[in-house]
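**Q** Quick check, what structure comes out for this input:
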Amino acid sequence: MTENKNEKRVVFPGDRIGNVEEYLPGDNVTEDSGKLIALRVGDLEEDPRDLKVSVRTSKKTIKPAPGDIVYGQIIKGDSGRYTVAIGAFKSRHSKELIPTKLESTLKIESRRDDRFVPVRVGDYIRGKLFLSRYGMDLSISGPDLGVLLSKCQRCRQDLVLEKGKLWCKNCDLTEQRKMAEDYGKIDLNGKEF
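**A** As a prediction, this is how the structure comes out:
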């Protein structure tokens, strides 16, 4: 493969980098008719111990920052503090949706009316990150922030928005949430979320 082990070889997508008789395909490498082909631009790395060849990209991982809009699901809740599994975010400097796997905290202040629960475990939300003394937390204050999709507590069917309240067509239960203006207009298969 490489003549000098200290010299890095830059490869491009489609470059032939070896044969399956020499190495197995690693990260960013595929096999086609016995040939190893690079899938990304990067440095070629050989692993003689595991007999694998990989392409290491120089692309940095982009992480969300305060002020970014995030999309996630409430996975745990206790006494007004909710843990949110963040699946994607939109940077303030870009309109592109960037996938990620992070967790953050959403804290809801207690209200006089305890019957109104702004979010529940299982809800999909859109929130905004802010820096708190505990780290990066979430806020759902604002008309475009809040619950995007929710399930019925009783039968787990999707709740639909009707006359400002969430209603279950299956068991006729009505619930309230702090909803985003575009509640229900979400595609969990990646087109909008």
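**Q** Provide a list of residues in contact with the residue nearest the centre of the chain.
**A** Nearest to the geometric centre of the chain sits residue 87, at 1.7 Å (Cα atoms, centre = their mean). Residue 87 is in contact with 71-73, 99-101, 193, counting by Cβ atoms under 8 Å, 6 or more residues apart in numbering. In short, each C-beta sits where N, CA and C put it, glycine included.
**Q** which of those lies closest to residue 15?
**A** Set against residue 15, the nearest of the contacts of residue 87 by Cβ to Cβ is residue 99 (26.6 Å).
**Q** count of neighbours near the closest one?
**A** 11 (other Cβ atoms under 10 Å).
**Q** Can you list the buried residues in stretch 100-107?
**A** The neighbour-count check on stretch 100-107 (16 or more other Cβ atoms under 10 Å) flags 100, 104, 106 as buried.
**Q** Also stretch 149-166?
**A** In stretch 149-166, counting by 16+ other Cβ under 10 Å, buried: 149-152, 159, 166.
**Q** Stretch 90-99 now?
**A** Quick answer for stretch 90-99 (16+ other Cβ under 10 Å): 90-91, 97.
**Q** re earlier: relative to residue 126, which of the contacts of residue 87 is nearest.
**A** So of the contacts of residue 87, ranked by how close each gets to residue 126 (Cβ to Cβ), first place is residue 71, at 5.6 Å.
**Q** What's the separation between that closest one and residue 23?
**A** 39 Å (Cβ to Cβ, to the nearest Å).
**Q** follow-up on the earlier one: got the contacts of residue 87 as CSV, with pLDDT columns?
**A** As requested, the contacts of residue 87 are arranged in CSV below (pLDDT from 0 to 100):
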residue, pLDDT
71, 92
72, 92
73, 93
99, 80
100, 82
101, 84
193, 42
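**Q** Low-confidence stretches in the protein?
**A** 1-7, 58-61, 110-116, 187-193 (pLDDT under 70).
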